[in-house]
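1. this one's sequence-less:
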Ligand code: NAD
Ligand code: MG
């Protein structure tokens with residue numbers, strides 16, 4: 001029996017994880033579940049999965065939540081705050097940690113899992129983008145078993161020979177004959193929108209992804225191609241690749257989740273219906289395979305697959321992420337933080353969709369980029385970048401204060 005902590009249990013990835021776990025209750029047991037504000041959902045999770053711990057991000061509603069647990073006859077213990085999340089990620093009873101908190105908020109508890117050498121199913125790409133080399137050094141140092149469950153990175157991982165799958169080993173993919181990684185992207189809901197049309201798009205349109213059902217932040221990132229920028233950085237760190245050997249391919253059907261090219265001319269692709277339960281089940285069971293509850297792929301009904309080059313002029317977020325990775329140091333953390341603030345402002349109606357890259361670029365130019373020599377340095381860069389991004393938003397929005 002594997003004991004699992006799900007960080008961000010009430011989110012889209014969290015729900016898919018619990019669905020897969022429930023199909024295999026003889027193999028996986030929920031140890032701890034964390035949530036930010038959806039306490040009704042956390043209560044339902046506790047009733048169904050009976051974890052040892054339920055962890056809330058803040059005190060708000062904690063007393064009432066405890067009472068509701070007692071009323072339901074559950075002995076789940078309630079804890080509050082980041083420290084409690086770190087404990088749930090590093091406890092000796094825990095085998096697997098699913099890192100599914102959205103954004104920089106997931107960094108500290110995810111690193112706690114890395115530093116205790118757990119199997120980590122990584123969805124929270126922002127944590128890796130922010131701390132890059134520090135994160136991967138910690139994976140190697142503590143012998144953590146890092147399994148990417150971002151669908152593209154999971155696809156790449158599946159297309160590698162087993163010897164190359166140990167991401168805490170330092171042998172390069174080139175030594176295994178890999179020449180290129182082809183990172184696929186749906187292109188999001190605005191793939192064919194003109195610059196003029198992009199000026200008018202609403203949060204509701206941005207959150208309506210054509211193929212995937214996801215949280216609001218990643219949905220906006222998919223629409224702006226920032227998600228692909230973050231994923232390019234994620235791929236470089238996970239697989240120790242130079243950005244030049246990762247090529248983004250728009251593939252609107254989201255059937256091929258990414259590909260690996262080898263020196264003999266072969267390209268291996270991983271395909272499947274766009275359902276996150278496939279990579280999650282893979283990460284939970286690796287190196288075995290278990291049923292994920294996913295509909296089998298019917299290629300006859302799909303018929304054709306298409307590929308296009310991304311347009312970085314209409315979608316500057318991809319370029320900004322690439323530039324940040326090339327700059328190195330704290331630049332990716334700055335871009336990530338400014339993006340989080342800008343996306344939040346867009347979702348609240350404070351700025352336009354096309355202002356997101358403007359806010360990020362302003363924040364990147366304003367601050368100084370330093371060596372990312374410690375996690376504290378990165379967290380400080382994140383804090384300052386949020387301040388710069390808020391200032392940029394206030395300038396754009398004509399004084400509207402956006403938190
Ligand atoms: P979501 O918004 O649906 O869920 C986010 C989760 O994080 C919730 O459980 C929420 O309670 C928690 N959370 C939010 N803010 C928090 C805070 N300040 N402190 C503690 N917890 C907090 O997001 P999602 O779509 O499930 O995405 C989660 C992560 O997985 C993101 O990093 C995203 O990029 C990545 N990811 C998601 C998908 C997908 O299909 N949804 C695919 C690939 C990668
Ligand atoms: Mg992805």
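-> Received the coordinates, thanks. Computed from a prediction, not measured in an experiment: that's the story for all the values here. Ligands and ions are numbered 1, 2, ... in the order given.

2. Would you mind listing what in the chain touches ligand 2?
-> 150, 151, 152 (Cβ under 5 Å from the ion). All C-beta spots, glycine's among them, are computed from the backbone N, C-alpha and C.

3. Now with 6 Å, please.
-> Within the chain, the positions lying close to ligand 2 (Cβ under 6 Å from the ion) are 150, 151, 152, 231.

4. How about the closest residue to ligand 2 within the stretch 1-150 of the chain, nearest residue that isn't a chain neighbour?
-> Closest residue of the stretch 1-150 of the chain to ligand 2, Cβ to the ion: residue 150 (4.2 Å). Excluding the flanking residues, the one nearest residue 150 by Cβ to Cβ, 6 or more residues apart in numbering is residue 125, at 5.6 Å.

5. Can you tell me the SS state at the residue in the stretch 201-350 of the chain that ligand 2 sits nearest to?
-> Per Cβ to the ion, residue 231 is where the stretch 201-350 of the chain lies closest to ligand 2, at 5.5 Å. Secondary structure assignment for residue 231 (DSSP: H, G, I helix; E, B strand; the rest coil): helix.

6. centre of the chain versus stretch 314-325, how much separation?
-> In terms of Cα atoms, centre = their mean, to the nearest Å, the centre of stretch 314-325 is found 17 Å from the chain centre.

7. Now tell me what touches it from outside.
-> Applying Cβ atoms under 8 Å, 6 or more residues apart in numbering, the contact partners of stretch 314-325 are 193-195, 198, 221, 224-226, 228-230, 232-233, 236, 243, 248, 310, 312, 331-332, 334-335, 339, 356-357, 360-361, 364.

8. Residue 113 touches residue 120, doesn't it?
-> Yes - Residue 113 is in contact with residue 120 according to Cβ atoms under 8 Å; the separation is 5.0 Å.

9. Apart from its chain neighbours, what residue comes closest to the closest residue to ligand 1 within the stretch 151-300 of the chain?
-> Going by Cβ to the nearest ligand atom, ligand 1 is nearest to residue 215 of the stretch 151-300 of the chain, at 2.5 Å. The shortest distance from residue 215 to any non-neighbouring residue, by Cβ to Cβ, 6+ apart, is to residue 12 (4.9 Å).

10. Verify the contact between that neighbour and residue 216 for me.
-> No - here residue 12 does not reach residue 216: they are 9.5 Å apart, not a contact under Cβ under 8 Å.

11. what about the two, which has more around it?
-> residue 12 (19 against 15; other Cβ atoms under 10 Å).

12. Tell me how many other residues crowd residue 195.
-> Neighbours of residue 195 (other Cβ under 10 Å): 9.

13. Return the residues in contact with it.
-> Residue 195 is in contact with 314, 354, counting by Cβ under 8 Å, 6+ apart.

14. likewise residue 268?
-> When contacts are counted by Cβ under 8 Å, 6+ apart, residue 268 touches 159, 259, 260, 262.

15. Switch the residues you listed over to JSON lines; also include neighbour count.
-> Shown next, in JSON lines, are the contacts of residue 268 (neighbours: other Cβ atoms under 10 Å):
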{"residue": "159", "neighbour count": "22"}
{"residue": "259", "neighbour count": "23"}
{"residue": "260", "neighbour count": "26"}
{"residue": "262", "neighbour count": "16"}
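
16. Between which two of these is the distance greatest?
-> The distance between the two most remote of the contacts of residue 268 (Cβ to Cβ) is 10.3 Å, for 259 and 262.

17. Give the helix, strand or coil label for residue 114.
-> What three-state DSSP gives for residue 114 is helix.

18. Then residue 120?
-> At residue 120 the chain is in strand, as set by three-state DSSP.

19. pLDDT wise, what is it at?
-> On the pLDDT scale, residue 120 is placed at 98.

20. If it is in a bridge, with which residues?
-> Taking DSSP bridges as the rule, residue 120 bridges to residue 97, residue 146.

21. quick one on the thing from earlier: turn the contacts of residue 268 into TSV, including secondary structure.
-> Supplementary listing: those in TSV, determined by three-state DSSP:
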residue	secondary structure
159	coil
259	strand
260	strand
262	strand
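
22. mind putting these in CSV, distance to residue 69 and pLDDT included?
-> Formatted as CSV, the contacts of residue 268 follow (distance: Cβ to Cβ, whole Å; pLDDT from 0 to 100):
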residue, distance to residue 69, pLDDT
159, 44, 98
259, 46, 98
260, 46, 98
262, 52, 97
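
23. Closest one of these to residue 45?
-> Proximity of the contacts of residue 268 to residue 45 was ranked by Cβ to Cβ; the top entry is residue 159 with 33.3 Å.

24. Closest approach to ligand 1 from this protein, which residue is it?
-> Closest point on the chain to ligand 1, by Cβ to the nearest ligand atom, is residue 11, at 2.0 Å.

25. Which stretches in the stretch 251-400 of the chain count as helices?
-> Remark: helices assigned in the stretch 251-400 of the chain by DSSP state H, counting those that start in this stretch are 277-285, 299-302, 316-327, 331-347, 355-366, 375-396.

26. Quick one: residues in contact with the shortest one.
-> The one in question is helix 299-302. Applying Cβ under 8 Å, 6+ apart, the external contacts of helix 299-302 come out as 253, 255.

27. quick revisit: give me the pLDDT for the residue of the stretch 151-300 of the chain closest to ligand 1.
-> Reading off the confidence values, residue 215 has pLDDT 95.
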